[in-house]
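*Asks:* Have a look at this prediction, sequence included:
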Amino acid sequence: MSKPAARNPTVTLSGYETSIVRCVVAVLLVIAGIAWITFYTHEAMDAAEWSKSLGTKKPDTPFEWMSDIKRWNYAIGFGLAFLGLIVGANPKTPLGRGRGVVIGMLGCFLIGLAWIVTYYFVAQSATAHVPVMDKLDQLNLVVGVAFMAVGFTFATKWE
């Protein structure tokens, strides 16, 4: 009598081995990063930007710890999203092999370029208001270049 096969969290799709766990982790990291930035801007940013010199009462927030780390919330949010994209660049995910690599690489390059161009032409004008870009100032360049750096992680997987 043979032993039952061990459960393997991989699936074969069109001849490629796909790790379901890695795919789920990549998607959850990207979603967590976007959610972190969204939640910070809607719930905790007012308390983080409050100043005693304004003479107003500090806005109440149930997430005081999030207000205390101020702009680091953007680093955490973008870091989670970039980490999710990097995890997705593995050959065991659909985005990390074949056409997915080209889509991921070009997508990250173009998003990074669009981020920088939007910052220079739109977010710096006095009349335009781009929510996250307004608060990041020159760090928008870091975000754009980071998108391009993630694009290079996809480029290393290109065959």
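*Replies:* Cool, the structure landed.

*Asks:* Please count neighbours and contacts with C-alpha atoms only from this point.
*Replies:* OK.

*Asks:* after the lowest-mean-pLDDT helix or strand in the chain comes which helix or strand?
*Replies:* Here the helix or strand of the chain ranked lowest by mean pLDDT, DSSP states H and E is strand 10-13, holding a mean of 60. Using DSSP states H and E, the next helix or strand after strand 10-13 towards the C-terminus is strand 16-19.

*Asks:* Now do that next one: which elements does it pack against?
*Replies:* On a contact count with 3 or more Cα pairs under 8 Å, 6 or more residues apart in numbering; DSSP states H and E, strand 16-19 meets strand 10-13.

*Asks:* Regarding residue 157, what is its secondary structure?
*Replies:* Recorded secondary structure, residue 157: coil (DSSP: H, G, I helix; E, B strand; the rest coil).

*Asks:* any idea which element the residue nearest the centre of the chain lies in?
*Replies:* Nearest to the mean C-alpha position of the chain, by Cα atoms, centre = their mean, lies residue 81 at 2.1 Å. Per DSSP H and E, residue 81 falls inside helix 72-88.

*Asks:* Can you list the buried residues in that helix?
*Replies:* For helix 72-88, a neighbour-count test (16 or more other Cα atoms under 10 Å) marks 73-74, 76-88 as buried.

*Asks:* which of these lies closest to residue 126?
*Replies:* residue 74 (22.6 Å; Cα to Cα).

*Asks:* Report the contact partners of that closest one.
*Replies:* Contacts here follow Cα atoms under 8 Å, 6 or more residues apart in numbering; on that basis residue 74 touches residue 37.

*Asks:* what's the answer for residue 121, then?
*Replies:* For residue 121, no contacting residues are found, by Cα under 8 Å, 6+ apart.

*Asks:* Would you confirm that it belongs to a helix?
*Replies:* Yes: according to three-state DSSP, residue 121 belongs to a helix.

*Asks:* so what's residue 106 up against?
*Replies:* Counting by Cα under 8 Å, 6+ apart, residue 106 has contacts residue 151.
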